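*Asks:* please work out how this folds:
(6 chains, ligands or ions: 6)
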Amino acid sequence: MDTSLVLQNLLSPPVLFFFLGVLAVLLGSDLDIPSPLPKLFSLYLLLAIGFKGGLELQHSGLAGQVLPTISAAVLMSLAVPLITFLVLRTRLDAFNAAAIAATYGSISAVTFITAQSFLGVLGVSFDGFMVAALALMESPAIIIGLLLVKLAAPQERPGGGEMSWSSVLREAFLNSSVFLLVGSLVIGFLVAQYSPSGVTKMEPFTDKLFYGALSFFLLDMGIVAAQRLAELQKAGAFLIAFALLCPPVNALLGLGIALLLGLAQGNALLFMVLCASASYIAVPAAMRMTVPEANPSLYISTSLGLTFPFNIVVGIPAYMAIVQRLIPAT
Amino acid sequence: MDTSLVLQNLLSPPVLFFFLGVLAVLLGSDLDIPSPLPKLFSLYLLLAIGFKGGLELQHSGLAGQVLPTISAAVLMSLAVPLITFLVLRTRLDAFNAAAIAATYGSISAVTFITAQSFLGVLGVSFDGFMVAALALMESPAIIIGLLLVKLAAPQERPGGGEMSWSSVLREAFLNSSVFLLVGSLVIGFLVAQYSPSGVTKMEPFTDKLFYGALSFFLLDMGIVAAQRLAELQKAGAFLIAFALLCPPVNALLGLGIALLLGLAQGNALLFMVLCASASYIAVPAAMRMTVPEANPSLYISTSLGLTFPFNIVVGIPAYMAIVQRLIPAT
Amino acid sequence: MDTSLVLQNLLSPPVLFFFLGVLAVLLGSDLDIPSPLPKLFSLYLLLAIGFKGGLELQHSGLAGQVLPTISAAVLMSLAVPLITFLVLRTRLDAFNAAAIAATYGSISAVTFITAQSFLGVLGVSFDGFMVAALALMESPAIIIGLLLVKLAAPQERPGGGEMSWSSVLREAFLNSSVFLLVGSLVIGFLVAQYSPSGVTKMEPFTDKLFYGALSFFLLDMGIVAAQRLAELQKAGAFLIAFALLCPPVNALLGLGIALLLGLAQGNALLFMVLCASASYIAVPAAMRMTVPEANPSLYISTSLGLTFPFNIVVGIPAYMAIVQRLIPAT
Amino acid sequence: MKRVDLIFSERELDKICTAIDKAGAPGYSVMRHVTGRGPNGEVSEGMDFSGLGANAHVIVFCGADVLAKLRSSVRPILKYYGGVAFVAEAESF
Amino acid sequence: MKRVDLIFSERELDKICTAIDKAGAPGYSVMRHVTGRGPNGEVSEGMDFSGLGANAHVIVFCGADVLAKLRSSVRPILKYYGGVAFVAEAESF
Amino acid sequence: MKRVDLIFSERELDKICTAIDKAGAPGYSVMRHVTGRGPNGEVSEGMDFSGLGANAHVIVFCGADVLAKLRSSVRPILKYYGGVAFVAEAESF
Ligand SMILES: Nc1ncnc2c1ncn2[C@@H]1O[C@H](COP(=O)(O)O)[C@@H](O)[C@H]1O
Ligand SMILES: Nc1ncnc2c1ncn2[C@@H]1O[C@H](COP(=O)(O)O)[C@@H](O)[C@H]1O
Ligand SMILES: Nc1ncnc2c1ncn2[C@@H]1O[C@H](COP(=O)(O)O)[C@@H](O)[C@H]1O
Ligand code: NA
Ligand code: NA
Ligand code: NA
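*Replies:* Numbering: from 1, shown residues only, chains lettered A, B, ... in the order given. Ligands and ions are numbered 1, 2, ... in the order given. This next block holds a predicted model:
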């Protein structure tokens, strides 16, 4: 059964196109998706996932598991950076440790979307409020990252005066991916409530195209991730091990919480994926601004070159196998 | 009933995404849709609206209200700049008055499209020939704008010899938005007549995607319009008042004509919107070329920063409320 | 009947939008589709055609006419450049003759796609393995082109040492269009075999949008092809005649082979179109790298400015008329 | 040898390129989608889709003789429509 | 007259433009989507969609007085965040 | 200090960047999607999707020693494939 899950994931269009992108780089093909086309797809995916999440959130309401799950997600985005920081600090300076910790406390929307698509293929249902959890996990990680720097390295910073709290908070709560995701979620919610015909008319765009657009975007992600692989040598064995062990460990932490909360299979998988994934958009942007002392290639290369592919290819089906073993299907 | 119309408009996805874009700017989010992605959506919308208009024009034929309505539209695109010019000339020099007058005589395709979507949500029908009216209102306004400059400010122009009539006419009739709109209209007409299977195969692209693409584009328009707001201070109170009063006044003029022509509810609303909206693509491009003495930020900021949002948010439902009061539903 | 075929082609949306693009240039409209938007559409078309071809290849299997047809296609991509070279060498130097020969031995994916759409409108079926033939005809032509240069002009090349065989082979087999086409074909094949729900979820993207995206892309191709027309004067009467005679001659060669292989109507037309069309992406890129002595405007202008429009507008229906005369409908 | 940098609205691009050709320049290079601020106000990326468009930045490397001709063919256009231009020394590589 | 070329991550674009305005420059020109390599490593097109983005290349033509002010307003930003800048001679066209 | 401007088909970008690295340059900056006209004819935006692509414009600020090495590593590529290059004086900011 586990191998069938792995195969079902490996042989789905999004993952296959991801491999195609990786292969393009490894074989030296000149295939590339020029900017800003990747941005078109990433904006589209955020808008669509937010909108659909809002629709479903309106259907399910805020009762039941919604608030506990979302609160647990936010707690995880605070706890993971703290734990991770302690591990990283054994080998790295405070700046790099804090930046990487924030990266891993946050989430990757594309990993989440790929997990949703995987559930769709399996026919396992999940709830719209998980998108709210997704949206709320980026900001706390950014703030914790900065607090860690303030606490662990206060005296060492020459230009630290540059950085005001207001700009940090703006970066945390108003960075483009959080803003678009939350905004689309709210719009989806309002439209579902007040404008049912609007829902129907949006569907071909936000729903029908979604899977294909995800596949196209993962083709680009495969190219980008493979380009990052070369840089990983500089990261060193410690960080490589970290990038590959952090996801399963955090996924298991997430699983424990999912069991405590009594989440059903679909939501449990998504919760694990949120904990296991690392940011490569919002948090790197924030870290570049607030912790310029950290080396971007460390947090981007681990997150994008290792953790992202690991989750997409191996992690999602593996987490699902455990979920199926521990949580009965409904 | 009026409040319900306003709400139905405010809570439709396109308008909500417009607000999201405005909010992004007001809150200082770094959300932006890099060029040339907005161009992709604006080309797509023109192509799709033209194509669909052509299909419907072929079904309805050129008899009945078609020619009178189109003629009235063209007349309005000649009359509005003349009237507007007289008002503006009281405070502005001839160059700026003529450029702004031409801008307001012309139309905004996106406002028109948003009104069509609004009618779609209300379930009120309208005719394809209104797209022909849309297409034919840009060129006359451009020509009138230039004539006004020639008449009102002939001796003051140093480099006026630069500008030949042939380049003005090319700008008026062959600028990209008129050209693509008219071209797609003709193609839609031909395809509906001779290639019915072509119609079916185009539909997922031109029809199903349309509403979502409009919403995405309005997200960008919200960003752009809000960025213009800052510049409005320079425009001054007179121009701000002008930009907010011109649409309803012209809409009422349009309503009078719609009543005279005996247009049904849907067409009447679209006719009002054509009169009430102002150009921010074709006419500014033409004015920059033919009246470089005018200050572009005056005609662009009023049209894009005030008139466009006013029509999208307040105007369309307000005009519809009046239409419903005066024209019986069919 | 023939005229009806011509009309059905001329009045289909893709061809009409192609004409609209041509017209934009001829009339001097400022309509343009800024880069990299055309690249988005060309990547999309390759991905979608490959994916759909893979699906169908999986359904039909590799038995029957598949291998003979593909082998014949590869043979044609070797034979056409050789024959063409002999003709061109009478008037041109070895470098230009070889580069143009390779261009005409290879194929144009968009011409192929337009022919498929034409068959779709006619309701004539064709097989997915023809996409495999399409994919396999680019590389041999590139290699033959280079061999011709090596053989015919060995001593004249000053910087010839620059060019290694490994980079030529990489260019031949891993250039972005071959790579994306073959990759998507394999993915389509695998998904059809192992992930049927993946097929359904990809369909709105790869299938439903296809016709509209092709039409949009042909609008751009019309602009680009017309811009090339001006350069044709430099090419001279000989090359102009060549660019217009080569397609029908090669199409007839292809027809002969199609008859020998016993291909049905749809596959026969596609085989003819493969033989008749010339490359303007993969081969020019390879020739620029491997035969920089050749003048790019010669091989690009003939292929894009004449052969491509000829096939799209006149060729496809004409070839189909002959096919219908010689091959009974099934 | 001279290096000329011309920055102006991309709507005038065709006119300027024609003027450069007329001046007999050996070549030129065009970057589009340029934004900025100048005597005539700000040109921002947000306006790229509107009729006004963004700026183009054209570079011409040419001899001193061509520079003089460039001045007379290009200056009137910049004067009428707006845009700026600067000259610097350069040598061939 | 001076020509200043500033190349840095586009994330700092707003900050730098504000600093240029503060220095009293008569204008500036911005190109985005620039890639390259510098003291802080490589910036490639592949990262354009990520949070780090690509580089911006800003050009300022200004007088020597403005140059001095530019140095004091822009240098600290480049020092803190990375980025390079160079100056050359130029004259008006 | 020297400023080197290299303009050539973007198909040769990798080769040129490798050559710049080999010459020991402290960095470089790349703009793509550049069009223009030169000794080998016109490169227009319309061809951007075709196999030929547009031009790239690479800028290198470097010392005089690196310039000499650049000349020997980059010139052969430009000679074989086409493209132009120019040098100017610059100083650090
Ligand atoms: N001093 C300057 N330095 C660099 N670029 C400038 C300068 N002045 C103007 N520009 C550029 O030239 C464009 C056109 O200027 P203008 O239309 O004259 O305001 C501006 O939008 C800027 O991109
Ligand atoms: N010597 C140089 N010549 C040209 N461009 C450079 C040079 N050094 C750095 N750059 C550009 O400046 C950007 C920022 O540099 P940095 O962040 O300091 O590594 C690089 O990515 C390059 O695009
Ligand atoms: N004199 C020049 N000034 C500025 N750019 C040039 C010049 N000559 C050539 N170029 C640029 O260099 C590119 C390559 O030139 P080439 O391939 O040698 O014709 C051209 O397409 C132009 O973009
Ligand atoms: Na996480
Ligand atoms: Na109007
Ligand atoms: Na061929």
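
*Asks:* which strands or helices does the longest strand seen in chain D pack on?
*Replies:* Using DSSP state E, we find that the single longest strand of chain D is strand D:28-38. Judged by 3 or more CB pairs under 8 Å, 6 or more residues apart in numbering or on different chains; DSSP states H and E, the packing partners of strand D:28-38 are strand D:2-9, helix D:13-22, strand D:41-43, strand D:55-62, strand E:28-38, strand F:28-38, strand F:55-62. To be clear about C-beta, it is placed using only N, CA and C from the backbone, and glycine gets the same treatment.

*Asks:* for it, list the C-alpha coordinates in PDB.
*Replies:* Extracted in PDB, the C-alpha atoms of strand D:28-38 (Å, rounded to 0.1, in the frame of the first residue of the first chain):
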ATOM      1  CA  TYR D  28      22.400  51.000 -31.200                       C
ATOM      2  CA  SER D  29      21.000  49.000 -28.300                       C
ATOM      3  CA  VAL D  30      17.500  49.300 -26.800                       C
ATOM      4  CA  MET D  31      16.300  48.400 -23.300                       C
ATOM      5  CA  ARG D  32      12.600  48.700 -22.700                       C
ATOM      6  CA  HIS D  33      10.500  48.600 -19.600                       C
ATOM      7  CA  VAL D  34      12.700  51.200 -18.000                       C
ATOM      8  CA  THR D  35      11.100  53.400 -15.300                       C
ATOM      9  CA  GLY D  36      12.400  56.500 -13.500                       C
ATOM     10  CA  ARG D  37      12.000  60.100 -12.800                       C
ATOM     11  CA  GLY D  38      12.900  63.200 -14.800                       C
END
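
*Asks:* centre of the chain versus stretch A:183-199, how much separation?
*Replies:* Between the centre of stretch A:183-199 and the centre of its chain there are 24 Å (CA atoms, centre = their mean, to the nearest Å).

*Asks:* how about it: buried residues?
*Replies:* A:183-192, A:195, A:198-199 (16 or more other CB atoms under 10 Å in any protein chain shown).

*Asks:* and which of these is nearest to ligand 2?
*Replies:* A:Gly183 (31.8 Å; CB to the nearest ligand atom).

*Asks:* measure the closest one to A:Phe189 for me?
*Replies:* A:Gly183 sits 11 Å away from A:Phe189, going by CB to CB, to the nearest Å.

*Asks:* tell me the contacts of the closest residue to chain E within chain D?
*Replies:* Ranked by CB to the nearest CB, the top residue of chain D for proximity to chain E is D:Ala85, at 3.4 Å. D:Ala85 sits next to D:4-7, D:74-75, D:78, E:92-93 when contact means CB atoms under 8 Å, 6 or more residues apart in numbering or on different chains.

*Asks:* among the residues you listed, which ones are buried?
*Replies:* D:4-7, D:74, D:78, E:93.

*Asks:* pLDDT below threshold where in the stretch 51-200 of chain A?
*Replies:* Scanning the stretch 51-200 of chain A with the threshold set as pLDDT under 70 gives A:154-163.

*Asks:* and chain D, by the same measure?
*Replies:* Along chain D, segments meeting pLDDT under 70 are nowhere present.

*Asks:* just to revisit the earlier point, turn the helices and strands packed on strand D:28-38 into CSV, columns for distance to ligand 1.
*Replies:* CSV is the format used below for these (distance: least, CB to the nearest ligand atom, whole Å):
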stretch, distance to ligand 1
strand D:2-9, 4
helix D:13-22, 12
strand D:41-43, 4
strand D:55-62, 5
strand E:28-38, 4
strand F:28-38, 15
strand F:55-62, 16
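
*Asks:* closest one to B:Trp165 among these?
*Replies:* Closest approach to B:Trp165 among the helices and strands packed on strand D:28-38 is made by helix D:13-22 (16.7 Å; CB to CB).

*Asks:* so what does the closest one touch, helix or strand wise?
*Replies:* By 3+ CB pairs under 8 Å, 6+ apart, helix D:13-22 packs against strand D:28-38, strand D:55-62, helix D:64-81.

*Asks:* show me which residues of chain D are close to ligand 3?
*Replies:* Chain D comes close to ligand 3 at residues D:26-29, D:59-62, as judged by CB under 6 Å from any ligand atom.

*Asks:* just the buried ones from these, in ChimeraX syntax?
*Replies:* Buried residues among these (16+ other CB under 10 Å), as a ChimeraX selection:
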select /D:27,28,29,59,60,61,62
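
*Asks:* can you redo the residues of chain D next to ligand 3 as CSV with distance to ligand 2?
*Replies:* Converted to CSV, the residues of chain D next to ligand 3 look like this (distance: CB to the nearest ligand atom, whole Å):
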residue, distance to ligand 2
D:Pro26, 25
D:Gly27, 22
D:Tyr28, 22
D:Ser29, 17
D:Ile59, 16
D:Val60, 21
D:Phe61, 18
D:Cys62, 23
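
*Asks:* tell me which of the residues of chain D next to ligand 3 is nearest to chain B?
*Replies:* D:Ser29 (19.9 Å).

*Asks:* find the nearest non-adjacent residue to that closest one, please.
*Replies:* What sits nearest to D:Ser29 in space, not counting adjacent residues and going by CB to CB, 6 or more residues apart in numbering or on different chains, is F:Gly36, at 3.9 Å.

*Asks:* the one you found against F:Ile7, yeah?
*Replies:* Yes: the pair F:Gly36 and F:Ile7 qualifies as a contact (CB atoms under 8 Å) at a distance of 6.9 Å.

*Asks:* please tabulate the helices and strands packed on strand D:28-38 in TSV, including the columns distance to C:Phe41.
*Replies:* Listed next are the helices and strands packed on strand D:28-38 as TSV, based on distance: least, CB to CB, whole Å:
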stretch	distance to C:Phe41
strand D:2-9	28
helix D:13-22	24
strand D:41-43	28
strand D:55-62	24
strand E:28-38	20
strand F:28-38	17
strand F:55-62	22
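
*Asks:* now for A:Leu298: which residues touch it?
*Replies:* For A:Leu298, the contacting residues are A:92, A:96, A:99-100, A:235, A:239, by CB under 8 Å, 6+ apart.

*Asks:* hmm, 10 Å instead?
*Replies:* Taking CB atoms under 10 Å, 6 or more residues apart in numbering or on different chains, we find A:Leu298 in contact with A:88, A:92, A:95-97, A:99-100, A:103, A:231-232, A:234-236, A:239.

*Asks:* just the buried subset of those, written out for ChimeraX, thanks.
*Replies:* Selection of buried members from the contacts of A:Leu298 for ChimeraX, criterion 16+ other CB under 10 Å:
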select /A:88,92,95,96,97,99,100,103,231,232,235,239
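
*Asks:* show me the contacts of A:Leu298 that map onto helices.
*Replies:* In this view, these that belong to helices under DSSP state H are A:88, A:95-97, A:99-100, A:103, A:232, A:234-236, A:239.

*Asks:* from those, which is closest to C:Met130?
*Replies:* Taking CB to CB as the measure, C:Met130 lies nearest A:Leu232 of the ones in helices among the contacts of A:Leu298, at 41.9 Å.

*Asks:* okay, the helices and strands packed on helix D:13-22, which one's buried deepest?
*Replies:* strand D:55-62 (a mean of 24; mean count of other CB atoms under 10 Å in any protein chain shown).

*Asks:* direction included, what does it pair up with?
*Replies:* strand D:2-9 (antiparallel), strand D:28-38 (antiparallel) (DSSP bridges).

*Asks:* can you tell which of those is closest to A:Thr3?
*Replies:* A:Thr3 sits nearest to strand D:28-38 of all the strands paired with strand D:55-62, at 49.7 Å, using CB to CB.

*Asks:* next, the angle from that closest one to helix D:13-22.
*Replies:* Orientation check (axes from the mean of the first three to the mean of the last three CA atoms, to 10 degrees): strand D:28-38 against helix D:13-22 gives 130 degrees.

*Asks:* for the residue of the stretch 1-150 of chain A at minimum distance from chain D, list the residues it contacts.
*Replies:* Proximity of the stretch 1-150 of chain A to chain D (CB to the nearest CB) peaks at A:Pro36, 10.4 Å away. The contact partners of A:Pro36, taken as CB under 10 Å, 6+ apart, are A:42-43, B:32-37, C:36, E:32-33, E:48-49, E:54.
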